[in-house]
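Trainee: need coordinates for the below:
(one chain, ligands or ions: 1)
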Amino acid sequence: MTSGEGKVVCVTGGSGYMASWLVKFLLKRSYVVKATVRDPDDPKKTEHLLAPAGAKERLHLFKANLVEEGSFDPVIDGCDGVFHMASPVCFLQQMTHRFAGATFPNEMYRFVDDRDVACAHVQAFETPSASGRYCLGGQFAHFPEVLEILPEYYPSLPLPESYRAVATGTERMSRGGDGKVVCVTGGSGYIASWLVKLLLQRGYTVKTTVRDPNDPKKTEHLLALEGAKERLHLFKANLLEEGAFDPIVDGCEGVFHTASPVSFSPTDDPQVDLIDPALKGTLNVLRSCAKVHSIRRVVLTSSAAACIYSGKPLNHDVVIDETWYSDPAICKELKAWYALSKTLAEEAAWNFAKENATDLVTMHPSFVIGPLLQPTLNLSVEMILDLVNGAETYPNGYYRCIDVRDVANAHIQAFEIPSASGRYVLTAYVTTFSEVLKIIRENNPTLRLPEKSTESMFKPYQMSKEKAKTLGINFTPLDLSLADTIESLKEKGFLKI
Ligand SMILES: NC(=O)c1ccc[n+]([C@@H]2O[C@H](COP(=O)([O-])OP(=O)(O)OC[C@H]3O[C@@H](n4cnc5c(N)ncnc54)[C@H](OP(=O)(O)O)[C@@H]3O)[C@@H](O)[C@H]2O)c1
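Mentor: Reported below is the predicted structural model:
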């Protein structure tokens, strides 16, 4: 995106919260930016502005004060556009008090992401037909909901205890899971760990399965979750043990079947390594579910891989949606064994559901990224690690992804929303590996990232978000997902820089 090439714009109050993002976006779009600050000698007001890519060449800082008549004249001179943002803001202090006191107001909180505001400013300038006033209201939520969401994304955020206690009390009424029991298979996995965490947060009692409950790497992070002591129950179960899930799903209202081997590595025996656990395992779990009258719905974690290998041609204009089914013959021909395992498991699940009147919903995420809760690496996050951990080359192809928190949330919504049904394609972003690297580079300038690309099998095509949106999912911004993934990789010791 280089719409600003050769254009000069001015941003007043450049060091401010919103203006700093605006300056960053404008630089990214190749504008020359003249930004004003009241004190250019104060590094707190200038250092962060001078750091982003392009600032050295195209950012010019000027001293100006709103109350000094004419101080903006030389700054604005020669500009194609002016973004006047500078203005004293006092209510922010009041807002801070709302989140820092012992109690919070029982009212609605309206907010919009800072990056969306900056983007809207740029669009309002660049779109010739833009005119008049624009209300920028992103979302609104009840204060307790905001307090529920914050620790979800930032578990280490020091919210005062008394604060959370009030929030928990108030939010209790709106928590979907109070008094309900659900099962998550393969609880120690990447997606499942987040699912367990969010379910506990919503008040559910969670029965989860692991293959080896004596392995602390599979259980410790789950047992440390908020609410786990009171409402998390761990069980040993293997997908290939007939009937192993009977006592676990008994008494549940919902079952989230996520357990399935995930591997793209060549295998001598795809049947044993991937297909049997996926296919036989899914039927094993569904047979257990069919015996339990209290189970209202089963949510199966399938994959985008069960949609894309249909044999239909793929190109930039193709949008893959819930009507696309992978063809097992094509998966076999391509030796796409993981895709085959997910395709056969889904097909068998739908046949079983039809014959046994099971309320089934299937979820189809593309590559899932975002912070790890478990101490081990899973495949989709390992792909990001492989890109940033000293690789010489990157795939010259397309990358489709979604944040793990959105995937977990989508599973819960698919269970809780009575009208949810059928399949859900879960892809937030279709981009390229080179764009992913560009975003990572911007936020981590010291990481050594690959410069050269190699041919890749990742073809261009779009994936529909329309049905996923009906679950009320607000997709996490890609740069935040990537930043949190990298941060998590560093925190867990996988990425040493
Ligand atoms: N991550 C992605 O990008 C992505 C994208 C689309 C779909 N999915 C699907 O999402 C689900 C979870 O994936 P993930 O990324 O969270 O992978 P993960 O971290 O590797 O988790 C896989 C889970 O499956 C369990 N499992 C494997 N074989 C099993 C067996 N024979 N018996 C019992 N449990 C078994 C593992 O249990 P143990 O801990 O006991 O080994 C683990 O908990 C899978 O169904 C996967 O196909 C993932």
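Trainee: CA atoms of the host helix or strand of His221 as PDB?
Mentor: Assigned by DSSP states H and E, His221 belongs to helix 216-223. The C-alpha trace of helix 216-223 is given here as PDB (Å, rounded to 0.1, in the frame of the first residue of the first chain):
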ATOM      1  CA  PRO A 216       2.800 -32.500  34.200                       C
ATOM      2  CA  LYS A 217       3.400 -31.000  30.700                       C
ATOM      3  CA  LYS A 218      -0.100 -32.000  29.700                       C
ATOM      4  CA  THR A 219      -1.900 -31.000  32.900                       C
ATOM      5  CA  GLU A 220      -0.100 -28.300  35.000                       C
ATOM      6  CA  HIS A 221      -1.100 -25.400  32.800                       C
ATOM      7  CA  LEU A 222      -4.700 -26.600  32.900                       C
ATOM      8  CA  LEU A 223      -4.800 -27.000  36.600                       C
END
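Trainee: tell me the contacts of the spatially closest residue to Leu447 that is not a sequence neighbour?
Mentor: Counting by CB to CB, 6 or more residues apart in numbering, Leu447 lies nearest to Val388, which is 5.5 Å off, once chain neighbours are set aside. Placement of C-beta: from N, CA and C, glycine included. Listed by CB atoms under 8 Å, 6 or more residues apart in numbering, the contact partners of Val388 are Ile440, Asn444, Leu447, Leu449, Ile486, Leu489, Leu495.
Trainee: which bits of the protein sit near the ligand?
Mentor: 186, 188-192, 210-211, 218, 238-240, 258-262, 277, 301, 303, 342, 365, 367-368, 378, 380 (CB under 6 Å from any ligand atom).
Trainee: if we use 5 Å, what do you get?
Mentor: Within the chain, the positions near the ligand by CB under 5 Å from any ligand atom are 186, 188-191, 210-211, 238-239, 258-262, 277, 301, 303, 365, 367-368, 378, 380.
Trainee: excluding chain neighbours, what is closest to the closest residue to the ligand within the stretch 51-200 of the chain?
Mentor: Residue of the stretch 51-200 of the chain nearest the ligand, by CB to the nearest ligand atom: Gly189 (2.5 Å). Using CB to CB, 6+ apart and skipping residues adjacent in sequence, the residue nearest Gly189 is Thr258, 6.0 Å away.
Trainee: what about the nearest residue to Pro477 once chain neighbours are set aside, neighbour count?
Mentor: In space, and not counting its chain neighbours, Pro477 is closest to Arg115: 6.6 Å by CB to CB, 6+ apart. By other CB atoms under 10 Å, the residues close to Arg115 number 16.
Trainee: and for Ala348?
Mentor: Burial measure for Ala348: 16 neighbouring residues, criterion other CB under 10 Å.
Trainee: check which element follows the helix holding His221 along the chain.
Mentor: Where DSSP H and E defines the elements, the next helix or strand beyond helix 216-223 is helix 228-231.
Trainee: so which pair among the contacts of Val388 is furthest apart in space?
Mentor: Leu449 and Leu489 (13.6 Å; CB to CB).
Trainee: A helix includes Arg423, no?
Mentor: No: applying DSSP: H, G, I helix; E, B strand; the rest coil, one finds Arg423 to be strand, outside a helix.
Trainee: SS state for the nearest residue in space to it that is not next to it in sequence?
Mentor: Of all residues not flanking Arg423 in the chain, Glu322 sits nearest, at 4.3 Å (CB to CB, 6+ apart). Under three-state DSSP, Glu322 falls in the coil class.
Trainee: which residues does Glu322 contact?
Mentor: Cys307, His364, Gly422, Arg423, Tyr424, Val425, Ser464, Lys467.
Trainee: next: Val299.
Mentor: Going by CB under 8 Å, 6+ apart, Val299 touches Gly254, Val255, Phe256, His257, Leu360, Val361, Thr362, Met363, His411, Ala414, Phe415.
Trainee: secondary structure class for it?
Mentor: Taking three-state DSSP, the label given to Val299 is strand.
Trainee: quick one on the thing from earlier: test my guess that the residue of the stretch 51-200 of the chain closest to the ligand contacts Pro261.
Mentor: No: with contacts counted by CB atoms under 8 Å, Gly189 stays clear of Pro261, the gap being 10.1 Å.
Trainee: who's more crowded, the two?
Mentor: The neighbour count for Gly189 versus Pro261, taken as other CB under 10 Å, is higher for Gly189 (24 against 18).
Trainee: which secondary structure state is assigned to Ala391?
Mentor: Put simply, Ala391 is coil when judged by three-state DSSP.
Trainee: next: the one 10 residues further on.
Mentor: Classification of Cys401 using three-state DSSP returns strand.
Trainee: same question, Thr376
Mentor: coil.
Trainee: circling back: name all residues that make contact with the residue of the stretch 51-200 of the chain closest to the ligand.
Mentor: By CB under 8 Å, 6+ apart, the residues touching Gly189 are Thr258, Ala259, Gln374, Asn378.
Trainee: name the nearest residue to the residue nearest to the spatial centre of the chain, sequence neighbours excluded.
Mentor: When CA atoms, centre = their mean is applied to the chain, the residue found nearest the centroid is Asp403 (1.9 Å). The spatial neighbour of Asp403 that comes closest, neighbours along the chain excluded (CB to CB, 6+ apart), is Thr476 at 3.8 Å.
Trainee: okay, that neighbour: pLDDT?
Mentor: With respect to pLDDT, Thr476 has a value of 94.
Trainee: give me the low-pLDDT residue ranges for the stretch 51-200 of the chain?
Mentor: For the stretch 51-200 of the chain, the stretches with pLDDT under 70 are 90-109, 138-145, 147-148, 158-175.
Trainee: that one: helices as residue ranges?
Mentor: Applying DSSP state H, counting those that start in this stretch to the stretch 51-200 of the chain gives helices spanning 55-58, 73-76, 91-100, 114-126, 143-153, 161-171, 190-201.
Trainee: other residues contacting the helix or strand hosting Arg441?
Mentor: Following DSSP H and E, one finds Arg441 within helix 433-443. The contact list for helix 433-443, computed with CB under 8 Å, 6+ apart, reads 52-53, 384, 387-388, 394-399, 447, 449-450, 453, 456, 458, 478-479, 482-483, 486.
Trainee: mind listing what's buried along it?
Mentor: Across helix 433-443, burial judged by 16 or more other CB atoms under 10 Å covers Phe433, Val436, Leu437, Ile439, Ile440, Glu442.
Trainee: closest to the ligand out of the residues you listed?
Mentor: Distances from the ligand to the buried residues of helix 433-443, taken by CB to the nearest ligand atom, are shortest for Val436, at 14.2 Å.
Trainee: mind pulling up the pLDDT for that closest one?
Mentor: 97.
Trainee: same question, the one 4 residues further on
Mentor: We note a pLDDT of 96 for Ile440 in this prediction.
Trainee: got it, and the one 4 residues further on?
Mentor: For Asn444, the model assigns a pLDDT of 91.
Trainee: which residues does the residue lying closest to it once chain neighbours are set aside contact?
Mentor: Distance criterion CB to CB, 6+ apart; nearest residue to Asn444, sequence neighbours excluded, is Ile486 at 6.0 Å. Counting by CB under 8 Å, 6+ apart, Ile486 touches Ile384, Val388, Ile440, Asn443, Asn444, Leu447, Leu495.
Trainee: quick one: Ile486 and Lys28, what's the gap?
Mentor: Look at Ile486 and Lys28: by CB to CB, to the nearest Å, they are 19 Å apart.
Trainee: who does the residue nearest to the centre of the chain form a beta bridge with?
Mentor: Counting by DSSP bridges, Asp403 forms beta bridges with Ile369.
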